[in-house]
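Participant: Next comes the sequence, and after it the predicted model I'd like to discuss.
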Amino acid sequence: MLLWFAASYAFLVWIADGWWTGVVGCISMAFAMGGVAFSIQHDANHNALGRKWRPLGLVMDILLGTSSYLWRERHNHAHHTYTNVVDKDGDIEQLPLARFAPDQTWHTWHRFQHVYMFVLYGFYAPRQVLMGDLSMLVRGEEAHVPIKRPRGGDLAVLLSCKVAFLVIALGIPMIFQPWWAVLLAGFFILWILGIVLAIVFQLAHCVEEADFTSEARLMKEAEEDGPREWARHQVEHTVDFARSSRVLNWYLGGLNFQVEHHLMPGVCHVHYRRIAPIVEDLAEKHGIRYSANRTFLLALRSHARWLKQMGQPPVAVA
Ligand SMILES: [Zn+2]
C-alpha cells in the first residue's frame, strides 16, 4: 500500500504533465490513500498490530491529513460503542443532507438521496481534512459523545504531523507543478477518496440488513444483559460483504468483515476470514441475526435501496 502511495505521489509530482496524466495519477493516489486508511491505519489505531507497530497509525496524520488521536476518539470510542445508535454514532449523522435511520428527521429532499448522496459522499474526505479535526477540538465532542482533547505530547504530535502533511501534500508538489494544479488535484483526490471511504463504511452499517437503534433501547439492552446484549448489538447492527473476495479482503483491510471487526477490534484483520464461520455458527446457536451480502455489488444495491427507503416519508415506511 505504501509503495502504491509513493509511486502515485512520484508520478503526480514529477511525471504528470497534462490533464489525462493528472487525472490518472489522482485516481491512483485516491485509491492508494484509501488502501492506507483501510489496511494500515485502521488496524494500527485499533492497536491490532501490537505495540511495536502502533506508530504506523501516524500514517493517517502524515499521509491522509487527519489526526489519528482524534480518529481514535471518534471511531474507537463513539462509533464502536454506539454502532448505529441515532444521535450517538457520528458515522450515521449526516442530517439534514441525508437520512440513514428510521428515527432521524425526514425532509422532502431525502426522496432523492439515493441519487445525490453518491456525489455528496465525495465531500466527506475534504471536509474531514479541512475542518473535521478543528471542529472536534473546538467542540470537544463528536455526535454528542464527549472526546478527550489532546494535551502535551499528543498535541505536539498532532500539530507537527499537520505541518508534515502540508509539506507533503502542498509544499513539495508546488515546487514542481503550478500551484493551481496542485490545489485542484488535491481536491479531486480527496473527493474520490471520500466516495471510496464512505461507500465502504456504508456497506457495513447502512444497508437493509443492518439494524438501527435509539440510545434509550441501547441502555435497556445494557441493563438487561450487558456483555451478551453488547455482542448481539454489534452483530445485528453490522453486515459483512464479499467475504470470499481475496482482492477486496486485501484492499479493504478486512473492513468487509465488519461483524468480526466489531466483536474483536483488537484482532488484526488478516484473521477475520477464518474467524467469520465460527462467529456465524455461534450467532445461529444463540439466535442472533448474522448478515452478509455475498458480493460488493449486492451490498451496494442494498445500500441504495436503504437510502431510497429512508427517503420516503416516515408514515409510508411504517
Ligand atoms: Zn474500527
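Facilitator: All right, it came through fine.
Participant: if I look at Gly22, how far off is Ile15?
Facilitator: Going from Gly22 to Ile15 by Cβ to Cβ, to the nearest Å gives 10 Å. For every residue, glycine as well, the C-beta is placed using N, CA and C.
Participant: Apologies, that question was intended for Tyr121.
Facilitator: Distance, Tyr121 to Ile15, by Cβ to Cβ: 29 Å.
Participant: of the two, who's got more company?
Facilitator: Counted by other Cβ atoms under 10 Å, Tyr121 and Ile15 do not tie: Tyr121 has more neighbours, with 20 against 10.
Participant: so is that one in a helix, a strand, or just coil?
Facilitator: Following DSSP: H, G, I helix; E, B strand; the rest coil, Tyr121 is assigned to helix.
Participant: Return the distance of stretch 7-27 from the chain's centre.
Facilitator: Centre-to-centre, stretch 7-27 and its host chain are 26 Å apart (Cα atoms, centre = their mean, to the nearest Å).
Participant: right, I mislabeled it, should have said stretch 305-318
Facilitator: 24 Å.
Participant: What is the burial count for Pro173?
Facilitator: Pro173: 21 surrounding residues under other Cβ under 10 Å.
Participant: Then the one 10 residues further on?
Facilitator: The number of residues packed around Leu183, counting by other Cβ under 10 Å, is 13.
Participant: for the host helix or strand of it, packing partners?
Facilitator: Using DSSP states H and E, Leu183 sits in helix 179-205. Secondary-structure packing of helix 179-205 (3 or more Cβ pairs under 8 Å, 6 or more residues apart in numbering; DSSP states H and E): helix 19-35, helix 124-127, helix 172-176, strand 240-241, helix 296-310.
Participant: For the closest residue in space to His42 that isn't next to it in sequence, list the residues it contacts.
Facilitator: Among residues not flanking His42 along the chain, Gly253 sits closest, at 5.5 Å (Cβ to Cβ, 6 or more residues apart in numbering). Going by Cβ atoms under 8 Å, 6 or more residues apart in numbering, Gly253 touches Gly35, Phe38, Ser39, Ile40, His42, Asp43, His269.
Participant: Out of those residues, the closest to Asp103 would be?
Facilitator: Nearest to Asp103 among those, counting by Cβ to Cβ, is His42 at 27.9 Å.
Participant: centre of the chain versus the helix or strand hosting that closest one, how much separation?
Facilitator: Under the criterion of DSSP H and E, His42 resides in helix 42-45. Helix 42-45 sits 12 Å away from the centroid of its parent chain (Cα atoms, centre = their mean).
Participant: now do stretch 243-263
Facilitator: On Cα atoms, centre = their mean, the centre of stretch 243-263 falls 13 Å from the chain's centre.
Participant: can you check stretch 107-122 too?
Facilitator: Per Cα atoms, centre = their mean, the centroid offset for stretch 107-122 relative to its chain is 18 Å.
Participant: So for that stretch, what gets flagged as buried?
Facilitator: Buried positions in stretch 107-122, judged by neighbour count with 16 or more other Cβ atoms under 10 Å: His110, Gln113, His114, Met117, Phe118, Tyr121, Gly122.
Participant: I'd assumed Val259 was in contact with Gln234.
Facilitator: Yes. Taking Cβ atoms under 8 Å as the definition, Gln234 is a contact partner of Val259 at 7.3 Å.
Participant: the more surrounded of those two?
Facilitator: Under the criterion of other Cβ under 10 Å, the comparison of Gln234 against Val259 puts Val259 first, with 25 against 22.
Participant: what about the stretch 151-300 of the chain, any weak spots by pLDDT?
Facilitator: Counting by pLDDT under 70, the stretch 151-300 of the chain shows low-confidence ranges at 221-227.
Participant: swap the cut-off to 90 and go again
Facilitator: Along the stretch 151-300 of the chain, the model assigns pLDDT under 90 to residues 211, 213-233.
Participant: same check, this time on the stretch 1-150 of the chain
Facilitator: Scanning the stretch 1-150 of the chain for pLDDT under 90 picks out the ranges 50-51, 54, 73-96, 102-103, 124, 127-150.
Participant: make it 70
Facilitator: For the stretch 1-150 of the chain, residues meeting the criterion pLDDT under 70 lie at 143.
Participant: just the helices in it please.
Facilitator: 2-10, 19-35, 42-45, 59-64, 68-71, 80-81, 113-120, 124-127, 133-139 (DSSP state H, counting those that start in this stretch).
Participant: Quick one: residues contacting Val315.
Facilitator: Listed by Cβ under 8 Å, 6+ apart, the contact set of Val315 is empty.
Participant: mind listing what the residue nearest to Cys206 when sequence neighbours are not counted touches?
Facilitator: Distances taken as Cβ to Cβ, 6+ apart place Phe100 nearest to Cys206, at 5.2 Å, with adjacent residues excluded. If you count contacts by Cβ under 8 Å, 6+ apart, Phe100 has them with Ile92, Gln94, Cys206, Phe212, Trp306, Leu307, Met310.
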